[in-house]
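Trainee: coordinates only, no sequence provided:
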């Protein structure tokens with residue numbers, strides 16, 4: 001039997017796969033910001049001011065209501 005994966009309406013990002021690449025995450029976040037009408041440049045500046053964990057924390061802060069990041 002083929003069943004569809006249940007969704008909760010949020011985008012899911014697997015950080016272990018190619019989507020977990022920092023540049024890929026930044027590209028997706030840029031698109032999410034445009035879709036949500038959020039100014040991207042301050043988010044980008046903050047997200048790129050630290051290490052990978054800081055990047056994830058910033059993206060989760062701004063997009064956590066719309067995106068699920070998992071490892």
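Mentor: Okay, I see it. Quick caveat: nothing in here was measured; it's all calculated off a predicted structure.

Trainee: what's the neighbour count on the residue nearest to residue 24 when sequence neighbours are not counted?
Mentor: The shortest distance from residue 24 to any non-neighbouring residue, by Cβ to Cβ, 6 or more residues apart in numbering, is to residue 18 (6.3 Å). For every residue, glycine as well, the C-beta is placed using N, CA and C. Residue 18 is flanked by 7 other residues according to other Cβ atoms under 10 Å.

Trainee: against residue 48, how distant is residue 18?
Mentor: Counting by Cβ to Cβ, to the nearest Å, the separation of residue 18 from residue 48 is 19 Å.

Trainee: pull up the pairing partners for the helix or strand residue 68 falls within, direction included.
Mentor: Under the criterion of DSSP states H and E, residue 68 resides in strand 67-70. Strand 67-70 has its sheet partners listed here by DSSP bridges as strand 11-14 (parallel).

Trainee: buried residues, the helix or strand following the strand it pairs with. List them.
Mentor: The helix or strand immediately downstream of strand 11-14 is helix 22-36, counting by DSSP H and E. For helix 22-36, a neighbour-count test (16 or more other Cβ atoms under 10 Å) marks 25-26, 28-29, 32-33 as buried.
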